[in-house]
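>>> dropping a prediction and its sequence here:
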Protein chains: 2
Amino acid sequence: MISEYADEILKGSTLAIARVITWLENEDERARPCMEEIYPHTGNAYIVGITGSPGTGKSTLTDGLTWQIRQRELTVGIIAIDPSSPFTGGALLGDRIRMTRHSEDTGVFMRSMATRGFLGGLAQFTQGATKVLDASGKNVILIETVGVGQDEVDIMRVADTTCVVLVPGLGDVIQSMKAGIMEIADIYVVNKSDLPGSDQLYSEIIYRVEQDAQMKNRKWVPPVIKTVAVEGKGEGDLLDAIMAHRKYLEESGEFLVKRRERTRQETLKMIHHELFRIIRQRLDKNSRIELMVGAIMEHKISPYKIVEKVVNEWLPLSNR
Amino acid sequence: MISEYADEILKGSTLAIARVITWLENEDERARPCMEEIYPHTGNAYIVGITGSPGTGKSTLTDGLTWQIRQRELTVGIIAIDPSSPFTGGALLGDRIRMTRHSEDTGVFMRSMATRGFLGGLAQFTQGATKVLDASGKNVILIETVGVGQDEVDIMRVADTTCVVLVPGLGDVIQSMKAGIMEIADIYVVNKSDLPGSDQLYSEIIYRVEQDAQMKNRKWVPPVIKTVAVEGKGEGDLLDAIMAHRKYLEESGEFLVKRRERTRQETLKMIHHELFRIIRQRLDKNSRIELMVGAIMEHKISPYKIVEKVVNEWLPLSNR
C-alpha cells in the first residue's frame, strides 16, 4: 500500500503527491517509508524561492512565472507557505482562485499551506514537500513565502535561487534590506514597476546590492528585474535571470557546495526532529510533563535541573 | 565566581545583568548555573510585549511607555529584538541614541539584540533575558519585536500582555490582522494617530476586534489605544490599558493558566535545545556528520535510514 504511493509519485500522480504531502503536513508516520523509497529519485528539480512582504504581488508573480516556465516545456511544482489565519482564510481562498489558470494543466502541481496551527517545522515540511515534487518529475519547484523572518530564511535555504520581491511605497526598503534579505537574495524583483517611486526603488536596490557585493567580494551580483505581474510584464526576464543564476552556480561549482550544505542541515534537522518527537511522547506518557511543570511552578525544582535530569536519563553522560 | 554574578543580579547590578545576558546570547555554559541560582527569585515582574512592522514607531512608543512606568515609581527592563543586519547596523545605533533619555536612570535597563548571526533560538534567549531582569527586581519588562512571523509569535508568548502597534498608511491592515496577530494581541495601538487615515484604521480595528471577540466568545475584548509617540501623547492611556489587562488576567484566573502553559513550553524547549546541542557535539566528533553527508550525496544511503540509525543508537527502542 505504502510503496504503491511511492510508485504513483514517481509516475507523477497528482493524487499520490497530494496525499503524501498531507502526511508530511500532519507528521503522519506513513510518510517516512514512502519518502525513503522516493529519495533516490530526488535531486533533479531546480528549486526557486520567491519571498516578499504581504502586498508585493508574489502570488501573481508566481503565477506568471509558472506560465513562462510552461512555455519552455518544463513542468512546475508550487508550494505556497501562506500565513493566513485559519478563520479569516482570505489569502488561502485567493490562492485557489488565482491558480485556476493552471488547474487544468497536469504539468503544474500547486499546494497552499497555511502556517497557523502547523505541527512540525515549516522549513522541514517544505523540504519534504519539495522532495515529493522533485521525485514526481517536476522540473522546476517554486516555493513562495511571506516575509523575511528567521522561518522564511530557513525555508529559503531549500532553494537554489532565491528571488526577493519588493514594491514601491510599501514601507521602508532599507528596513527590509537590513532584515537579513541581502544574505539570501540571488535576484531582486521590483514588482508593480509602473507605480510612482519604482525608479527610485530600483536605483536604491542597485546601489545597495553593488555596495554589498563590493564589501563582501561577491562573485554573483544579484540582478534587479522590473515586473508588472498583473499585466504579465517582465516575467520572462525574471525566468532568464533565474536560468543565468543556475548557470553561474553550476559553472562555479557553488551548486554542489550549496546542495551538500543543504543535505547536511536537512539531516541534522531530521535527527533533531525525530529525537524530540520520541521524547515528547515519553514526556506525555503518565502526564510526566505536567508533574514537572507543577514542581517548577511550586518552586520545588528549577527547569534547569529538570532539563539536566531528563537529558541525562535519555542520553547518559557515559554514552556521550 | 559564578554565584557572585547571581548575587550581583539579585542586587540589581547593571554590569552583572549585562554580562549574564551576553552569556545567554552566546550560549556560554557559564549562564546555566547562574540561571539556576536566580530562578527561585523570578516570577515577580510583569511582562509586556510590543510588536509591529518596521516604521510603526515601536521604539519611540517603548521609550514613552518607559517614561510613564517610571512616573509610577516602577523599574523597567527592556529587551529589543532588532532584526538589523550586523553590517548595516542602522537600527541598532538608532536604539542606542534613542535610549539616552533613560541611560542615566538606574531604574531602567535596556538591551538591544540583533537577530542576525544569533546562535540559539530567539524566543529562548528572550525567555532567559527576561528571567535575568525579573530576578534583578525590575517591576515591568518590555519586550519589543518587529513583525508578525512565527518567531515573533513565539517571542510574544513570553509576555503577559501583548500590544500590537499599527499605523495608518503602512500597507494593508487586513493583511496584518490575518497573519496571526489577532491570536496574540491583548491591546491594539494606533500610533501616529495624527496622520490622515488613522480614524479609518481605528474603526476598522474596532470592527474586526469585536467581530473576532463575538465569534470566539472572548471575555477580554482588546481595546484600541490612540497614540502619537513622537509627541508623547497617549502613552499614559496605553499604560492604563496594560494595567487593566493585568487586573483582568489576575481576577479571572487566566494569569496562572498562562504562566503554567508558559512554564510547560519553556521546559520543553529547554529540553529540546539541550538535546540538540549534545547531538551536534556528537555528530561533529570525528567528522561523523561529514561522512554521513558524503554517503547521502552519493546515494549510498538515504537520510531517513541515517536518522533511524542515529536515533536508535542514542535512544534504543528497548529503552523507549
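Cool, the structure landed.
>>> which residues in the stretch 51-200 of chain A form strands?
Secondary structure of the stretch 51-200 of chain A, counting by DSSP state E, counting those that start in this stretch: strands at A:76-82, A:108-114, A:140-146, A:161-166, A:187-190.
>>> send the alpha carbons of stretch A:61-77 over as PDB?
Once non-C-alpha atoms are left out, stretch A:61-77 reads as follows in PDB (Å, rounded to 0.1, in the frame of the first residue of the first chain):
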ATOM      1  CA  LEU A  61       4.200  36.800 -10.000                       C
ATOM      2  CA  THR A  62       4.500  33.100  -9.200                       C
ATOM      3  CA  ASP A  63       1.500  32.500 -11.500                       C
ATOM      4  CA  GLY A  64       3.200  34.500 -14.300                       C
ATOM      5  CA  LEU A  65       6.500  32.700 -13.800                       C
ATOM      6  CA  THR A  66       4.700  29.400 -13.900                       C
ATOM      7  CA  TRP A  67       3.200  30.300 -17.200                       C
ATOM      8  CA  GLN A  68       6.700  31.300 -18.500                       C
ATOM      9  CA  ILE A  69       8.200  28.000 -17.400                       C
ATOM     10  CA  ARG A  70       5.400  26.100 -19.000                       C
ATOM     11  CA  GLN A  71       6.100  27.900 -22.300                       C
ATOM     12  CA  ARG A  72       9.600  26.400 -22.200                       C
ATOM     13  CA  GLU A  73       8.000  23.000 -21.900                       C
ATOM     14  CA  LEU A  74       9.100  22.400 -18.300                       C
ATOM     15  CA  THR A  75       6.800  21.100 -15.500                       C
ATOM     16  CA  VAL A  76       6.200  23.100 -12.300                       C
ATOM     17  CA  GLY A  77       5.500  22.300  -8.700                       C
END
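>>> to B:Thr162, which of the strands of the stretch 51-200 of chain A lies closest?
strand A:140-146 (20.4 Å; CB to CB). For glycine as for every other residue, the C-beta is placed from the backbone atoms N, C-alpha and C.
>>> list the strands paired with that closest one, with their directions.
strand A:46-52 (parallel), strand A:76-82 (parallel) (DSSP bridges).
>>> what would those strands look like in TSV with mean pLDDT?
Output for the strands paired with strand A:140-146, formatted as TSV (pLDDT from 0 to 100):
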stretch	mean pLDDT
strand A:46-52	92
strand A:76-82	88
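>>> redo those strands as CSV? Include mean neighbour count.
Below are the strands paired with strand A:140-146 laid out as CSV (neighbours: other CB atoms under 10 Å in any protein chain shown):
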stretch, mean neighbour count
strand A:46-52, 25
strand A:76-82, 25
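>>> what's the burial count for A:Lys247?
Other residues near A:Lys247 come to 11 when the count uses other CB atoms under 10 Å in any protein chain shown.
>>> so A:Ile81 bridges to which residues?
In beta-bridge terms (that is, DSSP bridges), A:Ile81 pairs with A:Met113, A:Thr145.
>>> can I get the strands of the stretch 51-200 of chain A in CSV with distance to B:Met243?
What follows is the strands of the stretch 51-200 of chain A, written out as CSV (distance: least, CB to CB, whole Å):
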stretch, distance to B:Met243
strand A:76-82, 37
strand A:108-114, 35
strand A:140-146, 34
strand A:161-166, 40
strand A:187-190, 46
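>>> could you dump the strands paired with strand A:140-146 into a markdown table with distance to B:Glu36 added?
Shown next, in a markdown table, are these (distance: least, CB to CB, whole Å):
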| stretch | distance to B:Glu36 |
| --- | --- |
| strand A:46-52 | 40 |
| strand A:76-82 | 38 |
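>>> nearest to B:Gly236, of those strands?
strand A:46-52 (38.0 Å).
>>> now that closest one, how far from the chain's geometric center?
Computed by CA atoms, centre = their mean, to the nearest Å, the separation of strand A:46-52 from the middle of its chain amounts to 7 Å.
>>> is chain B within reach of stretch A:10-25?
No: using CB under 8 Å from any CB of the partner chain, we find that stretch A:10-25 stays clear of chain B, coming within 12.4 Å at best.
>>> which parts of that stretch are buried?
Across stretch A:10-25, burial judged by 16 or more other CB atoms under 10 Å in any protein chain shown covers A:12-13, A:16-17, A:19-21, A:23-25.
>>> okay, and which of those map to helices?
Under the assignment DSSP state H, these contribute A:16-17, A:19-21, A:23-25 to helices.
>>> A:Asp237: which of these is nearest?
A:Ile17 (30.3 Å).
>>> pretty sure the closest one sits against A:Asp134.
No: the criterion here is CB atoms under 8 Å, and A:Ile17 misses it with A:Asp134 at 10.7 Å.
>>> which residues does the spatially most central residue of chain A contact?
Centroid check for chain A by CA atoms, centre = their mean gives A:Ile155 as the closest residue, at 3.6 Å. For A:Ile155, the contacting residues are A:49, A:51, A:81, A:122-123, A:126, A:143, A:145, by CB atoms under 8 Å, 6 or more residues apart in numbering or on different chains.
>>> and the pLDDT for it?
Looking at A:Ile155, its pLDDT is 76.
>>> same question for A:Glu308.
Value for A:Glu308, per-residue pLDDT: 86.
>>> okay, it and B:Ile9: tell me how far apart.
According to CB to CB, to the nearest Å, A:Glu308 and B:Ile9 sit 21 Å apart.
>>> with neighbour numbers in mind, choose between these two.
Neighbour totals were compared for A:Glu308 and B:Ile9, and B:Ile9 leads with 28 against 16 (other CB under 10 Å).
>>> for the helix or strand where the more buried one lies, the distance to its chain's centre please.
Assessed by DSSP states H and E, B:Ile9 sits inside helix B:2-10. For helix B:2-10, the separation from the chain centroid amounts to 24 Å (computed by CA atoms, centre = their mean).
>>> and it with helix B:14-25, angle?
Helix B:2-10 and helix B:14-25 are oriented at 120 degrees to each other (axes from the mean of the first three to the mean of the last three CA atoms, to 10 degrees).
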